[in-house]
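# Sequence first, then the predicted structure, then my questions.
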Amino acid sequence: MAGRIEDYALIGDMQTAALVCRDGTVDWLCLPRFDSHAIFAGLLGTEEHGFWRLGPACSTDATPPPADRRTYRGDSLILESEWDTPRGTVRVIDFMPPRENAAPQLIRIVEGVSGRVPVQSTLRMRFSYGRVVPWVHRHDGRTVAVAGPDSVWFDTSAETYGESLTTYTDFTVSPGERVTFTLSWQPSHQAPPGLPEPEQQLEATEEFWREWVDHCTYHGPYREAVVRSLITLKALTYAPTGGIVAAPTTSLPEDIGGVRNWDYRYTWLRDAAITLSSLLRTGYREEARAWREWLLRAVAGDPENLQIMYGIAGERELGEAELDWLPGYENSSPVRVGNGAAHQLQLDVYGEVTEALHLAHMTGLARNDYASLLQLKLIHYLEDHWDEPDEGIWEVRGPRRHFVHSKVMAWVAVDRTIKLIESGDANGPLEKWRQLREDIHRDVCERGYDKERNTFTQSYGSKELDAALLLIPQMGFLPPDDKRVIGTIEAIQRELSTSDGFILRYPTDGSHEGVDGLPGDEGAFLACSFWMADDLAMIGRVDEARKLFERLLALRNDLGLLAEEWDSRLQRQVGNFPQAFSHVPLIDTALRLTASGAYAG
């Protein structure tokens, strides 16, 4: 059985990523890209679907022990796990070297710390998400696994043997001894990849992260949490194109045992746009520039067919399918690949993209004339479509509605474009769009506001609340001291808080279909909880904001990572992991609290 979601560590090379459990098992790895088929899919099934365990040897029927300690080496993605055994202490170093045109590699180094410790490597490769058993054989002294278009090369300084369609390595390490293992992917029709150089790659990888973190401009009291979140966001960036995946996993459930399981290995415009904002505000202009270039290629001058998400290279077709041979994480099925929400109408995306382009412009990112042209095209589209119902920020699979957040973000798109024109960097029908901005604002305040309860609502005519309404003051739609803003914040605290004070996205209805068209419940949405901390700080309740923020930081796993949600009933992380949409608002809230001085000490 796979570990708890928070038991996993992330390693990656900015093109794909692996998840390593506390017991030294790699249960998830897609090669060569984030969205490729997994060669280790044990996370969503059983050991028969692929895994690689490396750690102290134990008897066949014993449960592999978790590491006694694990940490990232400094500010990097190099994972170090240590086990204390009756015979001594052993360390395993796991990492993936950043690459350009080289073969993707997962490198594992075993190091003796004290005593003489027996160690075992158990490697079970299964291609196509655990469905295909590859042909494993020796080639010029190397072990290679081949199936269809893929080959994976296994190199180690130790002796290996095969048994039951699994590759084993048994050895003993003494203090100072190191045994290396490397897994490299290569198209099966090409020549073998070059022999790995694990020690040199380790040094180069550490240097890469050291230099990258040096660019961070944040030096406040929450630096450790901010830097780890920034490293995580960098790891979720597909370096060749600048696209940013929402998470490196698929189908980790929002509701353990339920059907709310989705593929997040794609670039959501919304997630990527807010990621760009955090990167710009912490000194990472190159990543922001790369994302802007990715956006312009993906949209390709076609705003009328703007998708809410694309593939990491800008692919448009992300057809959804179910992998019925995988039982799912803790029997949460179905396991899905692809995402059918790609072609939904979500009007808020226009606002998020325009806000990101506006911020890039305001922070001095080199001007791109096509970016300004795209912004104008987006508003021309919104002129005719802002008043239509849509699926909204949460991608509901029920009927379309007039979601208040969507209208607010349409207002944001128009407002930021007006500012672009007023700055003299673009031309457009200024007076016409000022009137459009006023029309949208009036429509939201008249039709999306419940006067009796003093709160905005999820959609026109509804009584439900929605945590996305917390963005109203953050986007400048209304000032923080407006009574309607304060009333909305307090209503969400009353009606969408969990028993431990975190925030749900919207009400769900257990076994019945709710507003999102799905049965079941879900955990507190971590981004929404950070938004609440932001809003509390904005309305002057800074001590309450700081306490909520620091409680949210305490939900991170021991390595500083967050999934999408927190299950208050089970007291565990749920949803795809690690989640960009959780780490971005963590950074934003840290910046806001630091600016306000709202922190202890």
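Sure thing, it's come through.
# Could you report the separation of residue 200 from residue 212?
19 Å (CB to CB, to the nearest Å). Using the backbone N, CA and C atoms, a C-beta is placed for each residue, glycine as well.
# Settle it for me: which of these two has more neighbours?
A side-by-side neighbour count of residue 200 and residue 212, using other CB atoms under 10 Å, places residue 212 first with 18 against 10.
# you'd agree that one is in a helix?
Yes - Residue 212 forms part of a helix when assessed by DSSP: H, G, I helix; E, B strand; the rest coil.
# Show me where the stretch 101-250 of the chain has its strands.
Assigned by DSSP state E, counting those that start in this stretch, the strands in the stretch 101-250 of the chain fall at 105-115, 117-124, 135-139, 142-147, 150-156, 161-163, 166-173, 178-187, 237-238, 243-244.
# Mean neighbour count, distance to residue 434 and mean pLDDT added to those, as TSV?
Formatted as TSV, the strands of the stretch 101-250 of the chain follow (neighbours: other CB atoms under 10 Å; distance: least, CB to CB, whole Å; pLDDT from 0 to 100):
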stretch	mean neighbour count	distance to residue 434	mean pLDDT
strand 105-115	21	55	98
strand 117-124	21	63	97
strand 135-139	12	67	94
strand 142-147	19	60	96
strand 150-156	22	56	97
strand 161-163	10	72	93
strand 166-173	17	67	97
strand 178-187	21	54	97
strand 237-238	24	37	94
strand 243-244	26	33	92
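# Tabulate these in JSON lines, adding columns for distance to residue 35.
Shown next, in JSON lines, are those (distance: least, CB to CB, whole Å):
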{"stretch": "strand 105-115", "distance to residue 35": "17"}
{"stretch": "strand 117-124", "distance to residue 35": "23"}
{"stretch": "strand 135-139", "distance to residue 35": "25"}
{"stretch": "strand 142-147", "distance to residue 35": "18"}
{"stretch": "strand 150-156", "distance to residue 35": "14"}
{"stretch": "strand 161-163", "distance to residue 35": "30"}
{"stretch": "strand 166-173", "distance to residue 35": "26"}
{"stretch": "strand 178-187", "distance to residue 35": "14"}
{"stretch": "strand 237-238", "distance to residue 35": "9"}
{"stretch": "strand 243-244", "distance to residue 35": "10"}
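# With just CA atoms, put stretch 62-73 into CSV.
Extracted in CSV, the C-alpha atoms of stretch 62-73 (Å, rounded to 0.1, in the frame of the first residue of the first chain):
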residue,chain,number,x,y,z
ALA,A,62,8.4,-7.4,7.0
THR,A,63,7.2,-3.9,6.4
PRO,A,64,10.1,-1.7,5.2
PRO,A,65,10.9,0.7,8.0
PRO,A,66,10.5,4.5,7.4
ALA,A,67,13.6,6.6,7.6
ASP,A,68,14.4,8.0,11.0
ARG,A,69,15.4,11.3,9.5
ARG,A,70,15.0,13.0,6.1
THR,A,71,15.7,16.4,4.8
TYR,A,72,16.5,18.3,1.7
ARG,A,73,20.2,19.2,1.4
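# For it, give me every contacting residue.
Stretch 62-73 is contacted by residues 7, 9, 21-25, 53, 55-56, 58, 78-85, 92-93, 206, 228, 558-559 when judged by CB atoms under 8 Å, 6 or more residues apart in numbering.
# Could you find the closest non-adjacent residue to residue 575?
residue 564 (2.9 Å; CB to CB, 6 or more residues apart in numbering).
# Next, that neighbour: phi, psi?
phi -80, psi -40 (degrees, to the nearest 10).
# Pull the contacting residues for residue 499.
residue 568.
# What score does it have for pLDDT?
What the model reports as pLDDT for residue 499 is 86.
# next one: the one 4 residues further on
What the model reports as pLDDT for residue 503 is 95.
# ok, it touching residue 467?
Yes - using CB atoms under 8 Å, residue 503 is in contact with residue 467, at 5.2 Å.
# Which neighbours do the two have in common?
Overlap between the contact sets of residue 503 and residue 467, as judged by CB under 8 Å, 6+ apart, is given by 492, 496, 525, 528, 531-532.
# Counting only strands, which of those make the cut?
residue 525 (DSSP state E).
# From the shared contacts of residue 503 and residue 467, which land in helices?
Of these, the ones assigned to helices by DSSP state H are 492, 528, 531-532.
# Identify, from the residues you listed, the entry nearest to residue 431.
residue 531 (33.7 Å; CB to CB).
# Any idea how many residues pack against the closest one?
A total of 24 residues lie near residue 531 under the criterion other CB under 10 Å.
# Now the nearest residue to it once chain neighbours are set aside: phi and psi?
Residue nearest to residue 531 in three dimensions, not counting chain neighbours: residue 470, with 4.1 Å by CB to CB, 6+ apart. When read as degrees, to the nearest 10, the backbone of residue 470 gives phi -60, psi -20.
# Surely residue 470 and residue 528 touch.
Yes - at 6.7 Å, residue 470 counts as touching residue 528 under the criterion of CB under 8 Å.
# coming back round to it: which residues does the residue nearest to residue 531 contact?
By CB under 8 Å, 6+ apart, the neighbours of residue 470 are 488-489, 492, 503, 528, 531-532, 534-535.
# Give me the residue ranges of this structure where confidence is low.
Within the chain, the segments meeting pLDDT under 70 span 301, 303, 509-521, 598-601.
# Can you show me the helices along it?
Using DSSP H, the helices of the chain run over 127-130, 198-213, 223-235, 269-281, 285-299, 348-362, 369-385, 404-422, 430-447, 471-474, 483-495, 526-538, 542-553, 580-596.
# ok so, going back, how about the contacts made by the residue nearest to residue 575?
Residue 564 touches 247, 254, 525-526, 574-577, 579, 581-582, counting by CB under 8 Å, 6+ apart.
# quick one: it and residue 573, what's the gap?
8 Å.
# thinking again about what came up before, deepest in the core, which of the helices of the chain is it.
Burial of the helices of the chain is given as mean neighbour count (mean count of other CB atoms under 10 Å); helix 526-538 ranks first at a mean of 26.
# Keeping just the C-alphas, turn that helix into CSV.
C-alpha atoms of helix 526-538 as CSV (Å, rounded to 0.1, in the frame of the first residue of the first chain):
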residue,chain,number,x,y,z
LEU,A,526,-5.6,25.3,1.3
ALA,A,527,-5.4,28.2,-1.1
CYS,A,528,-8.8,29.4,0.2
SER,A,529,-7.4,29.3,3.8
PHE,A,530,-4.4,31.4,2.8
TRP,A,531,-6.8,33.8,1.1
MET,A,532,-8.7,34.1,4.3
ALA,A,533,-5.4,35.0,6.2
ASP,A,534,-4.8,37.6,3.5
ASP,A,535,-8.2,39.2,3.9
LEU,A,536,-8.0,39.2,7.7
ALA,A,537,-4.7,41.1,7.4
MET,A,538,-6.3,43.6,4.9
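# what residues are shared contacts of residue 470 and residue 528?
Common contact partners of residue 470 and residue 528 (CB under 8 Å, 6+ apart): residue 503.
# re earlier: of all the shared contacts of residue 503 and residue 467, which comes closest to residue 336?
Nearest to residue 336 among these: residue 525, at 19.5 Å, using CB to CB.
# For the closest one, which non-adjacent residue is spatially closest?
Sequence neighbours aside, residue 505 is the residue nearest to residue 525 in space, at 4.5 Å (criterion: CB to CB, 6+ apart).
# quick one: the one you found and residue 415, what's the gap?
Distance, residue 505 to residue 415, using CB to CB: 25 Å.
# Tell me the spacing between residue 568 and residue 560.
Using CB to CB, residue 568 is found at 21 Å from residue 560.
# what does residue 583 give?
Using CB to CB, we find residue 583 at a distance of 9 Å from residue 560.
# can you check residue 206 too?
Using CB to CB, one obtains 18 Å as the distance from residue 206 to residue 560.
# ok, now residue 434?
Counting by CB to CB, the gap from residue 434 to residue 560 is 45 Å.
# What of residue 95?
As for residue 95, its distance to residue 560 is 17 Å (criterion: CB to CB).
# Same question for residue 56.
From residue 56 across to residue 560, the span is 26 Å (CB to CB).
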